[in-house]
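Chemist: fold the following, please.
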Amino acid sequence: MDTPRLVSLDREHLIHPVSSWQGHEASGATILESGKGVWLTDSKGNRLLDGFSGLWCVNTGYGCESVIEAGRRQLEKLPYATGYFGFSNEPAIELAARLTRHAPGHLNHIYFALGGSDAVDSTLRFIRYYQHARGTPEKRHVIGLQKGYHGSSFVGAGLTALPVFHRDADVPLPWQHHIPSPDPYRHLAGPDAEAIIRASVQALHDEIAKIGGPQHVAAFYCELVQGSGGVIIPPKGWATAMQTACRELDILFVVDEVITGFGRTGPLFACAHENIEPDMMTVAKGLTAGYAPMGGVFMSDTIYETIRDKTPPGVSVGHGQTYSAHPVSAAIGLAVLDLYEGGLLENGTRVGEHLATRLRGLGNHPLVGTTRSLGMLAGIELVTDKATKTKPDAQLGISGKLSRYGYEQGILFRAFGDDVIGLAPPLCSTIAEMDQLCDGIVSILDRVMDDPAVASALKT
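Modeler: The predicted structure is shown next:
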């Protein structure tokens, strides 16, 4: 592989997602060449432990022969099949049937999208069809959470509540609103679970009142763990309380499981932790373990049947995509689901318990304010003053140091801009690999602390 040539071509032609274009041109790309299990190898021969599953998605690890073979067979047999004009294909039908059997509540229908962002956009479209069908078109406002992430498409970026996705993008849109994150570490109500839950329910009622009442509000969106917001895990009982509030207010309860789905938090879907039954649920990432693009929208019987029955005969529901229910992605999804059902979920749960134990031990590190984890999903929040929970000054550049030192240490993780370390290792990881990951993070934190500017900022 001619690495210098590829780096040059990348700099000149390839636009990277959510990146500083100037910064990327200055630093150049790191080119990944191969992967096996939890390990990646770059074009310079460096071996890297992937503690983030690519982008929260390679749950099975790299190089799974059964998944690769399923894709190969389907490419040979039927590489594409449209879902328009009444056509379908076997892998998509089988995947839809198997997934809905696993889904919570009455989510017996699924629309296959291309990824998480357009799955979220699809829900917003379906909600409009549903509200018109039931005779309540004035219910058009939607409410999400601060620090929430629901994709970076134009409409989804407004439902997302992270500043980088709003800057110069003219979002959120006027009908998109947010209430405070149920963050146990930083909530104004303090760390008490019941206080946070009461505050969240009240915040939902207050926001709806500002909008003009529930007759104007269509849905509430949430992640059961706020991934890109810093791996924020709401207190137990929060999701149940929010679902109950939505039912009482006659607004749809939409759960985004793009990150948490497919064993990331333990069970196949994080809804199982509290037996949540959303009206719609979005998935992607672990659906195909990143081996091919695919997302999905699970839809309740009530929503599906209302749209079906109230749409005039012969009139199409005008939402679709060329690659929806793609047969190769679906075949890969079936092979990945076989792995989840065949023991991968259990391994993720077992190794996730060890990861949680190791992370709790990090709480004594001078830079660590708190750690949090659920299954194979974890966050380490850094502070310069544990007593006041003060975040590091941006001028310290800790996020950039974390990324650079991590690469040099041979481990990959997410270094969020507000100095939270995000972890999402593949479910196939071993305990020894998690020890290697955690040991590496300790070394990296020590190295960050060796910086005189960081050391002087610490309050001990």
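Chemist: C-alpha from now on. contacts and neighbour counts both.
Modeler: OK.
Chemist: and the helices in the stretch 301-450 of the chain?
Modeler: Using DSSP state H, counting those that start in this stretch, the helices assigned to the stretch 301-450 of the chain run over residues 301-310, 327-339, 345-361, 398-409, 431-449.
Chemist: tell me where the stretch 51-200 of the chain has strands.
Modeler: Remark: strands assigned in the stretch 51-200 of the chain by DSSP state E, counting those that start in this stretch are 109-113, 141-145, 176-179.
Chemist: which of those sits closest to Glu274?
Modeler: strand 141-145 (19.1 Å; C-alpha to C-alpha).
Chemist: name every strand pairing with the closest one and say which way it goes.
Modeler: The pairing partners recorded for strand 141-145 under DSSP bridges are strand 176-179 (parallel), strand 217-223 (parallel).
Chemist: buried ones in it?
Modeler: By neighbour count on 16 or more other C-alpha atoms under 10 Å, the buried set for strand 141-145 is His141, Val142, Ile143, Gly144, Leu145.
Chemist: dump the strands of the stretch 51-200 of the chain to JSON lines, plus mean pLDDT and distance to Ser200.
Modeler: Output for those, formatted as JSON lines (pLDDT from 0 to 100; distance: least, C-alpha to C-alpha, whole Å):
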{"stretch": "strand 109-113", "mean pLDDT": "98", "distance to Ser200": "30"}
{"stretch": "strand 141-145", "mean pLDDT": "98", "distance to Ser200": "10"}
{"stretch": "strand 176-179", "mean pLDDT": "98", "distance to Ser200": "8"}
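Chemist: identify whichever of the ones you listed lies nearest to Gln436.
Modeler: Counting by C-alpha to C-alpha, Gln436 lies closest to strand 141-145 out of the strands of the stretch 51-200 of the chain; the figure is 34.5 Å.
Chemist: what sits up against that closest one?
Modeler: 159-161, 175-181, 211, 216-222 (C-alpha atoms under 8 Å, 6 or more residues apart in numbering).
Chemist: coming back round to it: for Val38, find the nearest of the strands paired with strand 141-145.
Modeler: If we rank these by C-alpha to C-alpha, the stretch that ends up nearest is strand 217-223, at 25.7 Å.
Chemist: and the helix or strand following that closest one, how far out from the chain middle?
Modeler: Counting by DSSP states H and E, the next helix or strand C-terminal to strand 217-223 is helix 238-249. For helix 238-249, the separation from the chain centroid amounts to 22 Å (computed by C-alpha atoms, centre = their mean, to the nearest Å).
Chemist: now could you export just the CA positions of the next helix-or-strand element following helix 238-249 as CSV?
Modeler: Where DSSP H and E defines the elements, the next helix or strand beyond helix 238-249 is strand 252-256. Provided in CSV are the C-alpha atoms of strand 252-256 (Å, rounded to 0.1, in the frame of the first residue of the first chain):
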residue,chain,number,x,y,z
LEU,A,252,-45.8,9.2,20.9
PHE,A,253,-42.8,7.7,22.8
VAL,A,254,-40.0,7.2,20.3
VAL,A,255,-36.8,5.4,21.4
ASP,A,256,-33.5,5.7,19.5
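Chemist: and strand 252-256, what does it pack against?
Modeler: strand 217-223, helix 238-249, strand 280-283 (3 or more C-alpha pairs under 8 Å, 6 or more residues apart in numbering; DSSP states H and E).
Chemist: give the rounded mean pLDDT of stretch 34-47.
Modeler: Here stretch 34-47 scores 97 as its mean pLDDT.
Chemist: quick one on the thing from earlier: for PyMOL, what selects the buried ones among the contacts of strand 141-145?
Modeler: Restricted to buried positions by 16+ other C-alpha under 10 Å, the PyMOL selection for these reads:
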select buried, resi 159+160+161+176+177+178+179+180+181+216+217+218+219+220+221+222
